[in-house]
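Asks: sequence plus predicted model, see below.
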Number of protein chains: 4
Amino acid sequence: MPKLGMEPIRRAALVKATIAEIGAAGSLDVTVSRIAKRAGMSPALAHHYFGGKDQMFEAAMRQILRDYSAEVRVALAGARDPAARAQAIIRANFAQSCFDPAAVSAWMTFYVQAQTNPAALRLLRAYQRRLRSNLTHALRPLCTDPRGVADTLAALIDGLYIRAALTAPDADPQGTALIALTVLTKGAA
Amino acid sequence: MPKLGMEPIRRAALVKATIAEIGAAGSLDVTVSRIAKRAGMSPALAHHYFGGKDQMFEAAMRQILRDYSAEVRVALAGARDPAARAQAIIRANFAQSCFDPAAVSAWMTFYVQAQTNPAALRLLRAYQRRLRSNLTHALRPLCTDPRGVADTLAALIDGLYIRAALTAPDADPQGTALIALTVLTKGAA
Amino acid sequence: MPKLGMEPIRRAALVKATIAEIGAAGSLDVTVSRIAKRAGMSPALAHHYFGGKDQMFEAAMRQILRDYSAEVRVALAGARDPAARAQAIIRANFAQSCFDPAAVSAWMTFYVQAQTNPAALRLLRAYQRRLRSNLTHALRPLCTDPRGVADTLAALIDGLYIRAALTAPDADPQGTALIALTVLTKGAA
Amino acid sequence: MPKLGMEPIRRAALVKATIAEIGAAGSLDVTVSRIAKRAGMSPALAHHYFGGKDQMFEAAMRQILRDYSAEVRVALAGARDPAARAQAIIRANFAQSCFDPAAVSAWMTFYVQAQTNPAALRLLRAYQRRLRSNLTHALRPLCTDPRGVADTLAALIDGLYIRAALTAPDADPQGTALIALTVLTKGAA
DNA sequence: AATGAATGAGGATTCATTCAT
DNA sequence: GATGAATGAATCCTCATTCAT
């Protein structure tokens, strides 16, 4: 009995499985077969829905960004004043969910892909633009050079994240976030 | 056509070719065949000298770090006082040579490899340790919390580098370095 | 061109082709490619169904033993009394089918494999156990030391087989069997 | 300083190493490189002295047969009467030296090689001829059909050897020899 | 005599992708 | 919608062998 409306369900399952496999492998060296198996379907069906491996990766990247954006949005919703908004953005970038191995792998591969895959580069830029714009907006009432401080903070966040995720996996993420918060305080002063 | 003492020559050629291929591919998806061909020899010979693909990668990573270290060392040699030393370290991290596409790719793959390859992780940590130690040493006479400022600066440098290398390839690296220098000034104050 | 339930068909074809190739080569120096080609499929498909070369060899060994067992079973079915049973077992071991070049090669490689491949050793022991048990059972009514005579006969059969198969390929197998039958008579006396 | 008269030394070392490698591998899957390394020289030199892998194997086989012959000759030297001679031949075939893993492997590969390699077949036949002739000679004064009994005993020896060497490696070889001795007694009666 | 250098040929294995059902 | 069947292409790696020194 052919099922109707399976497409979104299948696609979602595949995207989820793709991210999980990238996380498990720690790289993009994942096979369509494994992804499909994890998603509970045949490799042929995965192809049917996505057309190819690259499109599956792209969909996975989009999902990663969507998840990240949601995290930020939730954090911002609870912030009442500009300073709280800036802090919320920083904290969101060091949320537990961002240190899930799958997420870490996904972000790292993102960076690698960005060098050759225009779609990945576009998405990475979108992320950076959004982070910068969020920070600038929050900092505007707090300092004279919101753009400059936002740029600094954004880069600092990325740098701290990489270090925390890769080379200090046991460190407390929120402790790491504190470093950024300190710079925020000095920059906003 | 010399017939003795080829090993160091061949190894060097292969390491260089490995880096170049990684740079050209923008990822670790390079074949031994291509590397060997670029180095002017047969794939079999490459295997003979390195034992396998992974060892070639590891040798390439070591070379990248050696090059980077040399850059820093040269920069430090010309610095006369602590402040100049700190600035020199920062500037060295944004030297033109660091933005060579091959170097960028190599660094990015470094990050990815670090998740699963212990050797890569070890090397990456060595780089981070050295950067932090260099900065701490230079900052000691300049501020009350040299370690903390060094941590911040190190992360900032990484974050700025990634952004400059990947998403703003046309930006002036030394302009980017200025952002770090500014934070240095504030932190050292 | 049926598209379902190919697995048993393919597997059987591969096993047959493996035995044939071993026979043609006279050793285990056969490639998956040749086996697959002989079986009318691509090497990749052979891997798909067996997972690897070793498993193909093991399946082939099992098949050889199955064929041998069938030969013995048929021979025993026509034997009415103990003496006839013992003779039937001996004759079955020198049946024409056992001197098929492929079978000879397979048996010889069996012996070689048994030294390093546990699966091969297990199978070889199973064959020897069965031969001994068959002989012991048949000899019980005929002599006072059925086990001892069975051991002797079993070894003699193997030795005669090797000599007949390898160094006297034109000799009449049933003539060779006579030697064993003579010992049987003396031992049973 | 070029050494003189190295050829026999090198050849002997290579033959010994070949047998040892075959023993270690349990098959003919040994590389010239490993043999040469074990013999303390370069693969190129091994080639120089033997011309190729096959010739090395052949020389190894010859050596195995020489060792075996020597064992028999020594055993025969101590035998005073025909019965003792026959027993000595049988015992020599189950000497400890024949159960050295390297020797076992060598014999097994012998059997395999005999199917395709004429030189191996020739050597194997020479061994069998000699065994038969030795036995016949010893049995002549003892029974009416020395040739027939010799054939039986020779095959029995081979069969027992294979079983003892491969599938009952812990059994006492001399216990196995007893089985052959018993048949000898009955046949000679 | 001896060897490091070098390679061509080949082999097992993997995988994305296509197709018929 | 869904999948088992099937493969071509590619990749890493091994090895016997040759050659210049």
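Replies: Looks like it came in fine. Residues are numbered from 1 along each chain as shown, chains lettered A, B, ... in the order given.

Asks: for chain C, what's the nearest residue on chain A?
Replies: Residue nearest to chain C within chain A (C-beta to the nearest C-beta): residue A:33, separated by 11.0 Å. The way it works is simple: take the backbone N, C-alpha and C, and place the C-beta from them, glycine included.

Asks: how close does residue A:114 sit to residue A:123?
Replies: Separation of residue A:114 from residue A:123 (C-beta to C-beta, to the nearest Å): 8 Å.

Asks: of those two, which one has the most company?
Replies: Per other C-beta atoms under 10 Å in any protein chain shown, whichever of residue A:114 and residue A:123 has more neighbours is residue A:114, with 23 against 19.

Asks: report pLDDT for the more buried one.
Replies: pLDDT for residue A:114: 90.

Asks: contacts only, for it.
Replies: A:120-121, A:124, B:166-167 (C-beta atoms under 8 Å, 6 or more residues apart in numbering or on different chains).

Asks: ok, 6 Å please
Replies: Residues near residue A:114 by C-beta atoms under 6 Å, 6 or more residues apart in numbering or on different chains: A:120-121, A:124, B:166.

Asks: turn the residues you listed into TSV, including pLDDT.
Replies: As requested, these are exported to TSV (pLDDT from 0 to 100):
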residue	pLDDT
A:120	91
A:121	92
A:124	92
B:166	91
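
Asks: in a markdown table, list the residues you listed along with neighbour count.
Replies: Shown next, in a markdown table, are the contacts of residue A:114 (neighbours: other C-beta atoms under 10 Å in any protein chain shown):
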| residue | neighbour count |
| --- | --- |
| A:120 | 21 |
| A:121 | 17 |
| A:124 | 22 |
| B:166 | 21 |
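
Asks: give me the residue from chain A nearest chain B.
Replies: Counting by C-beta to the nearest C-beta, chain A gets nearest chain B through residue A:159, at 3.1 Å.

Asks: report the contact partners of that residue.
Replies: Per C-beta under 6 Å, 6+ apart, neighbours of residue A:159: B:155-156, B:158-159.

Asks: just give me how far the helix or strand of chain A with the lowest mean pLDDT sits from the chain centre.
Replies: Every helix and strand of chain A was ranked by mean pLDDT, DSSP states H and E. The lowest is helix A:173-188, at a mean of 86. Here the centre of mass of C-alpha atoms in helix A:173-188, compared against the chain's by C-alpha atoms, centre = their mean, to the nearest Å, lies 20 Å away.

Asks: now that helix: buried residues?
Replies: Buried residues in helix A:173-188, counted by 16 or more other C-beta atoms under 10 Å in any protein chain shown: A:173, A:176-177, A:179-181, A:183-184, A:187-188.

Asks: do stretch A:76-85 as well
Replies: A:76, A:79, A:82-83, A:85.

Asks: what residues does it touch?
Replies: A:88, A:138, A:141-142.

Asks: identify the residues contacting residue A:39.
Replies: Residue A:39 neighbours (C-beta under 6 Å, 6+ apart): A:13-14, A:17.

Asks: let me know the helix or strand that the nearest residue to residue A:22 once chain neighbours are set aside is in.
Replies: Nearest non-adjacent residue to residue A:22, counting by C-beta to C-beta, 6 or more residues apart in numbering or on different chains: residue A:105, 4.9 Å away. Element membership of residue A:105, judged by DSSP states H and E, is helix A:101-114.

Asks: ditto for residue A:41
Replies: Under DSSP H and E, no helix or strand contains residue A:41.

Asks: mind pulling up the pLDDT for it?
Replies: At residue A:41, pLDDT is 97.

Asks: kindly report the same for residue A:189.
Replies: pLDDT, residue A:189: 60.

Asks: flag every residue of chain A that's near DNA strand E.
Replies: A:30-33, A:43-44, A:47, A:52-54 (C-beta under 7 Å from any atom of the strand).

Asks: mind listing what residue A:94 touches?
Replies: Residue A:94 neighbours (C-beta under 6 Å, 6+ apart): A:173, A:176-177.
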